[in-house]
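# let me see the structure of the following:
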Amino acid sequence: MNFATKLLHGGISEDATTGATSVPIYMASTFRQKQIGANQYEYSRSGNPTRAAVESLIADLEGGRAGFAFASGSAAIDTVFSLFSQGDHLVVGNDVYGGTFCLIETVLKRFGMTFTVVDTRDLIAVKQAITDHTKAIYLETPTNPLLRVTDITAIAGIAHEHHLLTIVDNTFSSPYIQRPLELGADIVIHSASKYLGGHSDVIGGLVVTKSDQLGEQIRYLQNAIGAILAPQESWLLQRGMKTLALRMQAHLKNTTAIFDYLQNEPAVAKIYYPGDPDNPDYEIAKKQMNGFGAMISFELQAGLDPVRFVQSLQTITLAESLGALESLIEIPAVMTHGAIPKSTRLANGIKDELIRLSVGVEDQHDLMRDLQQGFASLK
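Residues are numbered from 1 along each chain as shown. So this is what the prediction gives:
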């Protein structure tokens, strides 16, 4: 079954009782047990038919054995990190979501876990960071917000050689563009609020495991920690996922046009985009991605005011999210990555002039006109 068809007919795509082509929203906290131990569902924290439908669908889309839905992307990340214990060490990419960084620095380190931060594109640095206590390599690709691309197959090879897990945050790509499990990863994470939901109307997180054994471990933690996705949000998420292929085609078309435009804009000092042939990660992106994504980050020339630019836009929305139908823009240094110490942020290449643009599906000409008037406001 091809991917676009799988979006509609994969997982649990209809109600088994009535044949309804939209799985019902089961707003039940508990379920009658006709016989002790023989019931499919017992309590909605442990399992809910609506949540099961979206979990089954994401497992199908990513090519995994089991899927799990959480109350947010951060809840999904925290649950995956809960696989590890005091004294365990993880190698982590140096360009990760600010919330992941804060979770590591302010919570997980207090619990006795240790981390080494490296550029996961540098395979030698990754190998050198591995210790006798290392349990996993955790990365995003493309990264947030500099859109760096790591060779997942190469990282998975290193991990398997050392009996480690490979954990990939696939939020910026979605399974339409990239499927890390097929490239050797063991666990995939999504902030489902982004491309999978796609409509700026649901907060959620998803996890998919490559093996049944890992699936059982995540299932236990999901139930024990309890940060599950509610039935209403599960239904909204599955509905949004059905149009992922259609939306991504429009996202990608607009993004290519905007990249071409930004290349010729004098106010732009540097562009970060995996589809740029001059990008050092271009060949890896071309190898492991089906398209280059719909995110572009760019730096303004020194002395130009990024705040003035983003606040002058009228069609493109100033907001802290991505992957939505509407184009969204933000300044990482003071918004999504504002909690990261400035010295760390600058060392990782996130400058004050950096702007992150999530390209939506609006009419291409309207987006161009808005960017043009935004740049004009800087003169």
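# so which residues of the protein form strands?
Ranges of strands in the chain, per DSSP state E, are 66-70, 89-93, 114-118, 134-140, 165-169, 187-191, 205-209, 268-272, 295-300, 317-318, 328-330, 354-358.
# now the ones you listed as CSV including distance to residue 232?
All C-beta spots, glycine's among them, are computed from the backbone N, C-alpha and C. Output for the strands of the chain, formatted as CSV (distance: least, C-beta to C-beta, whole Å):
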stretch, distance to residue 232
strand 66-70, 12
strand 89-93, 33
strand 114-118, 36
strand 134-140, 28
strand 165-169, 25
strand 187-191, 18
strand 205-209, 16
strand 268-272, 36
strand 295-300, 28
strand 317-318, 24
strand 328-330, 23
strand 354-358, 25
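# any chance of these in CSV with mean pLDDT and mean neighbour count as columns?
Shown next, in CSV, are the strands of the chain (pLDDT from 0 to 100; neighbours: other C-beta atoms under 10 Å):
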stretch, mean pLDDT, mean neighbour count
strand 66-70, 98, 26
strand 89-93, 98, 23
strand 114-118, 97, 18
strand 134-140, 98, 24
strand 165-169, 98, 25
strand 187-191, 98, 28
strand 205-209, 98, 29
strand 268-272, 98, 18
strand 295-300, 98, 23
strand 317-318, 98, 16
strand 328-330, 98, 23
strand 354-358, 97, 24
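# to residue 42, which of those lies closest?
strand 66-70 (17.2 Å; C-beta to C-beta).
# contacts for the closest one?
11, 51, 54-59, 76, 79, 192, 204-209, 212, 214-216, 218-219, 222, 227-229, 234, 237 (C-beta atoms under 8 Å, 6 or more residues apart in numbering).
# can I get the helix ranked longest in the chain in PDB? Just the C-alpha atoms.
Ordering each helix of the chain by length in residues (DSSP state H) puts helix 244-263 first. What follows is helix 244-263, C-alpha atoms only, in PDB (Å, rounded to 0.1, in the frame of the first residue of the first chain):
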ATOM      1  CA  LEU A 244      -0.600  14.800   5.300                       C
ATOM      2  CA  ALA A 245       0.400  13.800   1.700                       C
ATOM      3  CA  LEU A 246      -1.700  16.500   0.200                       C
ATOM      4  CA  ARG A 247      -0.400  19.100   2.600                       C
ATOM      5  CA  MET A 248       3.200  18.200   2.200                       C
ATOM      6  CA  GLN A 249       3.100  18.500  -1.500                       C
ATOM      7  CA  ALA A 250       1.900  22.100  -1.200                       C
ATOM      8  CA  HIS A 251       4.400  22.800   1.600                       C
ATOM      9  CA  LEU A 252       7.300  21.600  -0.500                       C
ATOM     10  CA  LYS A 253       6.300  23.500  -3.600                       C
ATOM     11  CA  ASN A 254       6.100  26.800  -1.700                       C
ATOM     12  CA  THR A 255       9.300  26.200   0.200                       C
ATOM     13  CA  THR A 256      11.300  25.700  -3.000                       C
ATOM     14  CA  ALA A 257      10.000  28.900  -4.400                       C
ATOM     15  CA  ILE A 258      10.800  30.900  -1.200                       C
ATOM     16  CA  PHE A 259      14.300  29.400  -1.100                       C
ATOM     17  CA  ASP A 260      14.900  30.700  -4.600                       C
ATOM     18  CA  TYR A 261      13.600  34.100  -3.600                       C
ATOM     19  CA  LEU A 262      15.700  34.300  -0.400                       C
ATOM     20  CA  GLN A 263      18.900  33.500  -2.400                       C
END
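# isn't residue 360 up against residue 252?
No - using C-beta atoms under 8 Å as the test, residue 360 is too far from residue 252 to be in contact (11.7 Å).
# more neighbours: which of those two?
Neighbour count, other C-beta atoms under 10 Å: between residue 360 and residue 252, residue 360 has more, with 24 against 19.
# so for residue 180, what's the pLDDT?
You'll see residue 180 listed with a pLDDT of 98.
# and the longest helix of the chain with strand 354-358, angle?
150 degrees (axes from the mean of the first three to the mean of the last three C-alpha atoms, to 10 degrees).
# so how far is residue 8 from residue 127?
Separation of residue 127 from residue 8 (C-beta to C-beta, to the nearest Å) stands at 43 Å.
# cool, and residue 338?
With C-beta to C-beta as the criterion, residue 338 and residue 8 are 39 Å apart.
# just residue 322 next, same as before
Residue 322 is 24 Å from residue 8, by C-beta to C-beta.
# likewise residue 32?
Taking C-beta to C-beta, one finds residue 32 at 32 Å from residue 8.
# between those two, which has more neighbouring residues?
residue 8 (14 against 8).
# wait, doesn't the more buried one sit right on residue 244?
No - using C-beta under 8 Å, residue 8 is not in contact with residue 244, being 10.2 Å away.
# of the contacts of strand 66-70, which belong to helices?
51, 54-59, 76, 79, 212, 214-216, 218-219, 222, 234, 237.
# which of those residues are buried? Put it as a ChimeraX command.
The command below creates a ChimeraX selection of those among these that count as buried (16 or more other C-beta atoms under 10 Å):
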select :51,54,55,56,57,58,59,76,79,214,215,218,219,222,234,237
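# how far away from the center of its chain is the lowest-mean-pLDDT helix or strand in the chain?
Least confident element among the helices and strands of the chain, by mean pLDDT, DSSP states H and E: helix 342-347 (a mean of 85). Here the centre of helix 342-347 is set off from its chain's centre by 22 Å, with C-alpha atoms, centre = their mean, to the nearest Å.
# and what of stretch 212-227?
20 Å.
# that older thread, buried set for the least confident helix or strand of the chain?
Neighbour-count burial for helix 342-347 [16+ other C-beta under 10 Å]: residue 345.
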